[in-house]
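Visitor: got a structure for you, letters missing:
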């Protein structure tokens with residue numbers, strides 16, 4: 001056997017434990033996470049084991065685990081160690097705590113899922129592993145393959161540890177799409193190729209290379225890649241094969257014959273993925289490549305039993321989870337069968353059953369991954385989503401910004417070429433840009449309520465996207481094909497937009513494209529920021545290590561000031577919103593420098609990051625508080641008065657690029673990263689003395705102050721921003737004792753989204769406030785008991801009105817059946833049993849209606865029986 005050099009890195013548990021403990025000790029608390037979507041490029045990007053499933057974005061693996069207390073899947077871990085695109089993942093069949101991933105930097109990693117740590121690494125896999133799988137016949141061996149082979153087998157531990165090459169599986173004539181080990185026959189493995197053929201290897205048998213191509217391809221050079229391969233769980237020889245254009249076949253790997261060819265309702269349908277439903281012998285499901293159509297099949301029929309359109313976009317991956325067991329068991333749920341049995345012999349329905357009864361789907365969940373990055377868990381028995389995370393970014397997120405007039409809307413820009421706008425209360429995407437923009441490095445909201453976002457791209461210039469209309473309304477091309485690293489819409493003059501580019505120019509233009517200034521730099525310009533105190537002043541950060549300040553009111557193209565001191569390129573610059581003339585800059589030298597424009601000097605150097613600094617954000621209420629994000633994966637909170645690092649956050653799994661907060665919610669911060677997540681943080685633990693002073697009803701001087709007082713060395717935190725001043729002014733207008741209002745307004749200012757307003761609405765109800773004064777979204781949160789029936793009845797009525805509409809709720813809206821089911825469930829919970837039964841009858845679910853009907857009366861039950 002040929003050997004291949006490898007490096008196996010074993011990681012110290014103490015190092016990992018120390019990192020976890022540091023994360024737990026952080027004062028800054030994570031209060032929300034927008035998970036990435038599933039990448040649509042590689043095949044084996046979804047896996048499952050027992051009560052866990054996993055999918056991968058570009059650089060991180062997301063692990064979900066069943067919470068048995070609530071019987072729902074929750075995010076358990078985000079594992080991010082790869083520096084380039086993850087190409088495949090695989091769960092160890094013998095140990096549910098062990099998991100493997102491979103990536104485009106020729107790296108394979110073995111993970112301990114339970115402890116969320118790296119166990120071993122294999123560098124230099126001699127090619128990018130396109131497919132990866134644990135060897136079923138060996139406890140600690142992982143196989144991987146790229147392009148046309150060979151198949152490598154890495155034995156991770158023991159006396160035979162190392163990497164070997166499979167004796168026969170090499171020198172293929174077509175690239176490998178994916179491969180599958182047989183779970184029962186030791187050493188048997190099958191490969192699917194891009195030309196549509198299969199290659200089968202089995203110890204002691206003749207090897208079969210490039211066999212069983214679809215008949216329509218025989219004698220041609222056409223390619224029809226194998227998109228899915230799955231061994232029949234009840235046979236040693238049968239397997240399902242899906243080709244993108246030639247559909248699905250059940251083939252016999254021993255006789256090399258096609259047993260069944262399955263037919264689709266439409267010639268346009270093509271299969272992207274398939275999975276056996278292990279709890280229902282002979283059943284399998286497929287996902288279409290062009291549209292999100294889930295089809296249910298049985299091997300005894302050549303046409304689908306059922307079809308469900310789950311999404312507009314096509315499937316990318318499928319994985320079936322069996323229903324959660326009451327107690328964990330490693331044994332198979334089926335009786336032992338001899339090797340002649342297969343799904344075909346198990347699947348023939350008893351003649352006494354109707355077709356629907358024979359083929360009804362058992363309870364079970366399907367992990368669904370879509371081409372647009374969507375990921376969901378579909379309950380096949382109930383025919384509804386347990387959850388669907390739609391429109392998540394699948395690549396590095398370079399920038400994030402809150403909408404100026406709405407602290408609940410957050411925009412993000414990504415390497416995947418899209419901008420998405422998120423509602424941070426529901427953590428769901430509400431708008432997404434058309435896409436295909438290349439890499440989007442930077443975004444900037446239009447001031448006020450203009451509902452537009454400016455974006456800067458790597459190759460396609462700049463643009464303005466009208467969020468509500470969903471289309472690009474303006475494009476800027478002054479930088480040509482050079483990348484725009486930063487775009488900034490003026491806070492004080494909504495007609496001006498600045499862009500910085502690798503061509504060495506910072507260009508100021510009007511929104512209709514009229515160029516006002518072109519400031520030439522000696523090298524690439526990475527960052528720019530408008531002064532919040534002077535509408536004609538802008539600062540830039542340059543590759544030549546310098547920070548420059550320009551004044552637009554003059555015709556000169558020379559900077560007013562040049563600040564030197566960084567020892568590597570300057571990336572972002574940020575003016576302080578509270579201290580006139582103060583700005584900061586982050587650099588590849590790992591430091592953040594604080595500059596005083598009025599003194600023409602650097603007044604502090606913040607050292608602590610161990611890699612280039614990217615994200616920068618001043619707090620809009622505490623004038624000395626500055627937050628930075630770095631390629632060292634951390635976020636640091638600084639007291640710029642003396643350069644102290646107040647806190648370090650270790651939660652992100654990769655470079656931190658963007659940091660932002662909204663002035664009206666100044667202690668909720670958002671961050672974005674190369675790990676493809678957006679995270680929300682609460683900064684309130686850093687200002688605990690202020691919260692105590694407000695609760696204790698101390699004098700205003702202990703709560704609000706001017707910036708001079710607040711930046712004195714050793715002074716306790718004081719609020720100096722607009723939102724605190726506005727609260728004070730509003731309270732001073734009120735007569736009587738405004739303490740309740742004071743607590744409410746400061747609570748909403750300090751608290752992260754998602755609960756504060758709901759809490760205060762309940763307080764108002766308890767204190768006797770008129771119901772007409774409650775906000776519209778009150779019924780979406782936790783309600784007072786006296787409102788529950790009324791609002792739920794209203795919701796059920798709203799759901800049933802879909803019957804009045806010929807076209808239902810539109811594309812992507814729940815179907816009429818789904819709405820009626822939800823309405824029926826509400827009626828049942830409210831004790832309105834007869835209404836529940838009538839809706840079940842309307843849906844054709846007589847068994848459910850009849851089983852509940854005696855709860856109304858025996859007379860009513862008899863009437864239903866007669867009907």
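Guide: Thanks, I have it. All values reported here derive from a predicted model rather than from experimental measurement.

Visitor: What segments of the stretch 501-650 of the chain are strands?
Guide: Counting by DSSP state E, counting those that start in this stretch, the stretch 501-650 of the chain has strands at residues 505-510, 515-520, 525-530, 537-542, 547-551, 561-563, 570-575, 582-587, 591-596, 601-607, 613-618, 625-630, 635-639, 644-649.

Visitor: Ok, which of the ones you listed comes nearest residue 735?
Guide: Taking Cβ to Cβ, strand 625-630 is the member of the strands of the stretch 501-650 of the chain nearest to residue 735, at 34.9 Å. The C-beta positions use only the backbone N, C-alpha and C, and glycine is treated the same way.

Visitor: Tell me which strands the closest one pairs with, and in which orientation.
Guide: Paired strands of strand 625-630, with direction, are strand 613-618 (antiparallel), strand 635-639 (antiparallel) (DSSP bridges).

Visitor: right, so those: which one is the most enclosed?
Guide: With neighbours defined by mean count of other Cβ atoms under 10 Å, none of those is more surrounded on average than strand 613-618, at a mean of 25.

Visitor: All the helices of the chain, in order from the start?
Guide: For the chain, helices defined by DSSP state H occupy the ranges 13-25, 343-347, 355-358, 688-695, 707-710, 722-733, 739-750, 756-766, 785-800, 816-829, 833-842, 846-852, 858-866.

Visitor: so can I have TSV of these showing mean pLDDT, mean neighbour count and distance to residue 48?
Guide: Shown next, in TSV, are these (pLDDT from 0 to 100; neighbours: other Cβ atoms under 10 Å; distance: least, Cβ to Cβ, whole Å):
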stretch	mean pLDDT	mean neighbour count	distance to residue 48
helix 13-25	44	11	25
helix 343-347	46	19	20
helix 355-358	48	11	27
helix 688-695	93	16	43
helix 707-710	95	16	53
helix 722-733	95	14	46
helix 739-750	92	18	41
helix 756-766	89	16	35
helix 785-800	84	15	33
helix 816-829	89	19	26
helix 833-842	94	20	33
helix 846-852	93	16	30
helix 858-866	93	12	41
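
Visitor: can those go into a markdown table with extra columns for distance to residue 460?
Guide: What follows is those, written out as a markdown table (distance: least, Cβ to Cβ, whole Å):
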| stretch | distance to residue 460 |
| --- | --- |
| helix 13-25 | 38 |
| helix 343-347 | 50 |
| helix 355-358 | 52 |
| helix 688-695 | 45 |
| helix 707-710 | 41 |
| helix 722-733 | 36 |
| helix 739-750 | 39 |
| helix 756-766 | 40 |
| helix 785-800 | 43 |
| helix 816-829 | 40 |
| helix 833-842 | 51 |
| helix 846-852 | 54 |
| helix 858-866 | 63 |
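
Visitor: Mind checking those helices for the one nearest to residue 138?
Guide: Distances from residue 138 to each of those were compared using Cβ to Cβ; the minimum, 24.9 Å, belongs to helix 13-25.

Visitor: one step back: of all the strands of the stretch 501-650 of the chain, which one is nearest residue 422?
Guide: Between residue 422 and the strands of the stretch 501-650 of the chain, the shortest gap by Cβ to Cβ is with strand 613-618, which sits at 17.6 Å.

Visitor: could you dump the strands of the stretch 501-650 of the chain to CSV with mean pLDDT?
Guide: Rendered in CSV, the data for these read as follows (pLDDT from 0 to 100):
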stretch, mean pLDDT
strand 505-510, 98
strand 515-520, 97
strand 525-530, 98
strand 537-542, 98
strand 547-551, 98
strand 561-563, 97
strand 570-575, 98
strand 582-587, 98
strand 591-596, 98
strand 601-607, 97
strand 613-618, 98
strand 625-630, 98
strand 635-639, 98
strand 644-649, 96
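
Visitor: So which of those is nearest residue 163?
Guide: Each of those has some distance to residue 163 by Cβ to Cβ; the shortest is strand 625-630, at 35.1 Å.

Visitor: Compute the inter-axis angle for that closest one and strand 591-596.
Guide: Between the axes of strand 625-630 and strand 591-596, defined by axes from the mean of the first three to the mean of the last three Cα atoms, to 10 degrees, the angle is 140 degrees.
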